[in-house]
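Colleague: Okay, predicted coordinates and the sequence, questions at the end:
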Amino acid sequence: MNPLFGLADLHTHTALCRHASGTPEEYLAEAKRKGLACLGVSDHFPAPAGYDADFRMKKEEFRQYSELVSHLKGKGRKIGVEVLYGAEFDYVPGRMDEVHQALEEAQSHGLPKFDYLIGSVHYVHGFAYDDPDKVAEWQQYGADQIWEWYLDDLYKFVKTEQFHILAHPDLPKKFGFRHSNPAYILERYRAILRLASKKRICLELNTCGLRVPASEIYPSPDLLQIAFESAMQITFGSDAHKPEYVGADFDAAASLAMSCGWNDVIVFHEGVPSMISLRRR
C-alpha cells in the first residue's frame, strides 16, 4: 500500500505569499497523486500591518485567498481529496491585538470558518533568523543568543495565544546553527511543550527541515520524545512552497512518529480534531 495513503498535509502555501510558486490546482493534483486524504492550505496571514510584507499576502488580498480555498474545496471533492482552510500567523510581540482583530474580521465578513490556525515564530528582536539572505547576521548575534530569544518568544506565544498547531518548533536549526548546551535547550522546550499540551495545541512534524541545511525534520527526535511524554498530539506538514513538495517525506515523518510512540495524527474540521491512523498503511 502507498505509505502516504490517507494522510493529511496541513501546511502548504500559495503564490499569494510572494515566495511560493505553482497554482492551487497543481498542489491539489500532487496531493491526489501521492494518495493524501486531505490537503490543508495555510498561507501566511496578513497581520499585523506592514509585518514581513514581502513574504505574505496583503490584507486586501485575504478575501481572494479565502475564495481560492473555497473554490479548491469544490475541485477536491471531485477527485476525492478533502481541502481544508487554514492560515499561518506569527507571534509579533506588542502587536497581537492587531492580529486578533484581523482574525476576527476574517471570520465575520461572510467568509468561511477556519478549519485550523498554525502558530509560528519567524522573527526574534526584529531579526528574520530563517531568511537565507540574513545568514551572515547569525554571526553578529551569536547562535546561543538567537536560540534564547526564540525560546523566550515561543514560550510567550504558547502561553498567551490560542491556535491549533505549533509549526516547525525548532526552526532556528534551519542553517545548522545549534545552541552550545543542547541539554539546557531540551529543558526549556520541556516547559513549552507541556504547556502546549495543556492547551491542546498539536505539534507539527514539518518535513521541510529535510530540504534545508539542517537535514532533519522539525522537530528533532529528542524534542519529539519530549512531546510524546507530554501527551501532545501531532500533525504532518510539508510547508510546501512548490507543488512537488506536497506530502514530501511523509513516509519518514510517519516512521519517526511511530518510533516515538504515536499511532495517530490529527486533522481539524472547523477547529474540531479527528484522528488518522498511522498503523494501517
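Modeller: Received, thanks. Bear in mind that the values here come from a model prediction, so they are computed numbers and not experimental data.
Colleague: name the helices or strands packed onto the helix or strand of the chain with the lowest mean pLDDT?
Modeller: Ranked by mean pLDDT, DSSP states H and E, the helix or strand of the chain with the weakest confidence is helix 96-108, at a mean of 93. Other elements packing on helix 96-108 under the criterion 3 or more C-beta pairs under 8 Å, 6 or more residues apart in numbering; DSSP states H and E are strand 82-90. Heads up, the C-betas are built off the backbone N, CA and C, glycines and all.
Colleague: Partner strands of the strand it packs on and their direction?
Modeller: If you go by DSSP bridges, strand 82-90 pairs up with strand 38-44 (parallel), strand 116-120 (parallel).
Colleague: can these go into JSON lines with extra columns for mean pLDDT, mean neighbour count and distance to G80?
Modeller: Shown next, in JSON lines, are the strands paired with strand 82-90 (pLDDT from 0 to 100; neighbours: other C-beta atoms under 10 Å; distance: least, C-beta to C-beta, whole Å):
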{"stretch": "strand 38-44", "mean pLDDT": "98", "mean neighbour count": "25", "distance to G80": "11"}
{"stretch": "strand 116-120", "mean pLDDT": "98", "mean neighbour count": "24", "distance to G80": "21"}
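Colleague: Save those as a markdown table, and put in distance to L154 too.
Modeller: As requested, those are exported to a markdown table (distance: least, C-beta to C-beta, whole Å):
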| stretch | distance to L154 |
| --- | --- |
| strand 38-44 | 18 |
| strand 116-120 | 9 |
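Colleague: which stretches of the chain aren't confidently modelled?
Modeller: For the chain, the stretches with pLDDT under 70 are 1-4, 280-281.
Colleague: what's the most centrally placed residue in it sitting at in phi/psi?
Modeller: Centroid-nearest residue in the chain: A167, 3.5 Å away (criterion: C-alpha atoms, centre = their mean). When read as degrees, to the nearest 10, the backbone of A167 gives phi -90, psi 150.
Colleague: shouldn't it be in contact with I118?
Modeller: Yes: using C-beta atoms under 8 Å as the test, A167 is close enough to I118 to be in contact (4.9 Å).
Colleague: Which residues are in contact with each of the two?
Modeller: Shared contacts of A167 and I118, defined by C-beta atoms under 8 Å, 6 or more residues apart in numbering, comprise H11, E88, E204, G237.
Colleague: Let me see the contact set for the first one.
Modeller: Residues in contact with H11 (C-beta under 8 Å, 6+ apart) are 40, 42, 88, 118, 165, 167, 204, 206, 235, 237-240.
Colleague: switch the cut-off to 6 Å
Modeller: The neighbourhood of H11, defined by C-beta atoms under 6 Å, 6 or more residues apart in numbering, consists of S42, G237, D239.
Colleague: Next up, the contacts around A183.
Modeller: Neighbour list for A183: empty [criterion: C-beta under 6 Å, 6+ apart].
Colleague: Just the C-alphas of the strand or helix carrying it, formatted as CSV.
Modeller: Taking DSSP states H and E as the criterion, A183 maps to helix 182-198. Output in CSV follows, covering the C-alpha atoms of helix 182-198 (Å, rounded to 0.1, in the frame of the first residue of the first chain):
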residue,chain,number,x,y,z
PRO,A,182,21.7,21.0,24.0
ALA,A,183,20.6,19.6,27.4
TYR,A,184,19.6,23.1,28.5
ILE,A,185,17.6,23.7,25.4
LEU,A,186,15.7,20.5,25.8
GLU,A,187,14.7,21.5,29.3
ARG,A,188,13.4,24.8,28.1
TYR,A,189,11.4,23.0,25.4
ARG,A,190,10.0,20.6,28.0
ALA,A,191,8.2,23.5,29.8
ILE,A,192,6.9,24.9,26.4
LEU,A,193,5.6,21.6,25.2
ARG,A,194,4.0,20.7,28.5
LEU,A,195,2.2,24.0,28.4
ALA,A,196,1.1,23.5,24.8
SER,A,197,-0.2,20.0,25.6
LYS,A,198,-2.4,21.5,28.5
